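Undergrad: the sequence and its predicted three-dimensional model are supplied below.
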Amino acid sequence: MGPFLRDNVVFREVYCWLGGSESNAGLCGGADGLLPAGFEWAAYFAAGFAIILILVNGALLGAAAFVWAERRLLARFQSRRGPNRWGPWGVLQPIADLLKLLIKEDIIPHAADRVAFTLVPIIMLMALLLSLAVLPFAKSAYLVNLNIGVLYIVAVSSITTIAIFMAGWSSANKYAMFGAMRGVAMLISYEIPLVLSLVGVVLIAGSMSLVSVVEAQTIPFIIVQPLGALIFMLGISAELNRTPFDILEAESEIIAGYHTEYSGIKFALIQAAEMAGVLAASGFLATLFLGGWSGPFLSGQLGALWFLAKLGFFVFLFIWIRATFPRLRIDQIMAFAWKFLLPLALINIAVTAVQVYFFGFYQAEVPGEITRGELLIMAAINIPLALVSIAAFGRVTREKIRVPAPRFEGLAPIPRTAEVD
Amino acid sequence: MYGFGLAKGLMVTLKNFINPPFTTQYPEERLPQHPRFRGEEFAWYEERCTGCASCAKYCPLGIIKIVTSPSETAILEGDKYNIDVFDIDIGRCMFCGLCVEACPYDALFMGSGFERGRYQREELVIGVDELREAVKRPSSWFRPQLEEAQYDPHTGEPLAWEEVGREQWPWHQGEKAGARIDWRPRRGGGEPPEDGA
């Protein structure tokens, strides 16, 4: 058995319940399972399948629940009521929507590249589900404890960019192409501050594993790394293609952007991937900056409640932002990424590196260990620094409207052809 | 401070979030409508109608069709014209109300309903039988006598043909209604004009 799944609670329980024997007494404590000895492989398969079932169905059900919550909350932000016809408070609305999309005709345009067109929903959903693998939902409740978890998230979530470009290109539709081109330009620009903002967290935690990051947060990193949290939040909301940054969908400009030509179940899958993407992003924010499943009490397996509460907080924040801000122009978005977020991320890295070196190595008895008091000192330095640098670099992105001076230099002199006597 | 405008915008939406929603749940709860609402199922009083077809002539779309046949008795003796067909094709009606304006005898009124949706265009034609059987709640649009009486078609009782007329003098009403109908003056009546009759 690989080392990845050994720590997972669900996996261990199912595996030992089915296939416990003397050969795996180290993991299961020697109790006999349901299956006879020699069938540990079947138990392994069943346990893995159980985890996959939980994760995939959880992600899709979460997406459905998020669709409902977003429509309700968005409606309330706009003084409406939202869907309230199917089921109590309209909770069955996403199921009705899904049924409608399932029985719709699945159209593939005549000129489309069928293979790429069909692959897009699969790739989008796959990238999302892959990124959920490293997320610790509670103590010892994760699929994999990768030692490069943060890098893995960044790598896997940027597959979506390729899927979006595939969608735009294979649709053979100019609006889809516009959306895809805008989207790729924006997503690649926002990758950079997004990754750089995570460096501070990784420096302080001393590890890229999300489990270690959670355990390192004796106080939430949003206090220690306010700049990093802000940049990550803005960057990931751009990666999610939500309203202030939704130039690649832009339904009022280019019909539906990259998924203009999609209908039926393919459209449903793309939407599900986008919606579950918000949940995943909120989960990463909660894990990296709010302490994940750890809390002042209930910090063990019931830490999933803390995780859900923090995730809900960020989901609400995303919906609130979507309800408030209008869509930005592409040049504003680019200026925001390159002139505002990138310098702030670099400042954050430089300051955090100095602090980690000072507190963790220069001054520490145990190298690499940063105590709670030192984290508080770092927070006391970083919060004013965040305010100052936001104020300083905020001026850069402010639009300066220069009215060109009139270049009228008077009429050209009328050429005199003849002297009048 | 940079970003203050963003916070202000967030506060505006948060205020909307906390305030109660604006939406009216339509089929269950309804907003009060103006009595002058121009709606469907025209209120038509056969007792007042002479079949002059002014409404059909004035209709800009030509969607009112009236077929009359002379009755065997003279007007003053008894029946007026029989009205065989009175079709209003509300599928093309734009509810301008010119037919109501044109009616010289206060026989046609705008209705007060708005829920006569149908799946077939043919079913959108209001025929004479439907007009006869409809509950008569005339809209007070272009009918100052109903406005003065402060009649509200949405809450008030259905009106009979004697109550909806503009005329104040009894003989006029009697002439218009035809001698067949047993008529006696109601509430006040009024005097005929000096130079009239």
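TA: On my side now, so go ahead. Numbering: from 1, shown residues only, chains lettered A, B, ... in the order given.
Undergrad: now residue B:65: how far from residue B:85?
TA: 6 Å (CB to CB, to the nearest Å). C-beta coordinates here come from the backbone N, C-alpha and C atoms, glycine included.
Undergrad: compare neighbour counts for these two and give me the winner.
TA: Neighbour count, other CB atoms under 10 Å in any protein chain shown: between residue B:65 and residue B:85, residue B:65 has more, with 16 against 11.
Undergrad: and residue A:42, that's in a helix?
TA: Yes - counting by DSSP: H, G, I helix; E, B strand; the rest coil, residue A:42 is part of a helix.
Undergrad: check contacts around it.
TA: A:18, A:19, A:35 (CB atoms under 8 Å, 6 or more residues apart in numbering or on different chains).
Undergrad: and what of residue A:121?
TA: Applying CB under 8 Å, 6+ apart, the residues near residue A:121 are A:262, A:265, A:266, A:269, A:270, A:273.
Undergrad: up against chain B, what does the stretch 1-150 of chain A have?
TA: Proximity of the stretch 1-150 of chain A to chain B, by CB under 8 Å from any CB of the partner chain, involves residues A:73, A:75, A:76, A:77, A:78, A:79, A:80, A:81, A:84.
Undergrad: sorry, wrong one. I was asking about the stretch 201-350 of chain A.
TA: A:320, A:321, A:323, A:324, A:325.
Undergrad: buried subset of the residues of the stretch 1-150 of chain A next to chain B as a ChimeraX selection?
TA: Buried residues within the residues of the stretch 1-150 of chain A next to chain B, by 16 or more other CB atoms under 10 Å in any protein chain shown, are selected in ChimeraX with:
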select /A:73,75,76,77,78,81
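Undergrad: and the residue nearest the centre of chain A?
TA: residue A:281 (2.9 Å; CA atoms, centre = their mean).
Undergrad: which non-adjacent residue is nearest that residue?
TA: residue A:236 (4.6 Å; CB to CB, 6 or more residues apart in numbering or on different chains).
Undergrad: am I right that that neighbour is in a helix?
TA: Yes - going by three-state DSSP, the assignment for residue A:236 places it inside a helix.
Undergrad: check contacts around the residue in the stretch 201-350 of chain A that chain B sits nearest to.
TA: Residue nearest to chain B within the stretch 201-350 of chain A: residue A:324 (4.5 Å; CB to the nearest CB). Listed by CB under 8 Å, 6+ apart, the contact set of residue A:324 reads A:77, B:9, B:10, B:12, B:13.
Undergrad: the residue nearest to it when sequence neighbours are not counted and residue A:313, how far apart?
TA: Nearest in space to residue A:324, with sequence neighbours left out and distances taken as CB to CB, 6+ apart, is residue B:13 at 4.5 Å. The gap separating residue B:13 from residue A:313 is 17 Å, by CB to CB.
Undergrad: which ones are touching residue B:42?
TA: Counted by CB under 8 Å, 6+ apart, residue B:42 has contacts B:88, B:99, B:100, B:108, B:109, B:110, B:111, B:126, B:131, B:134.
Undergrad: and it, its phi and psi?
TA: Dihedral pair for residue B:42: phi -50, psi 140, per degrees, to the nearest 10.
Undergrad: need the buried ones from the contacts of residue A:324 selected in ChimeraX.
TA: Buried members of the contacts of residue A:324, defined by 16+ other CB under 10 Å, are picked up in ChimeraX with:
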select /A:77 /B:10,13
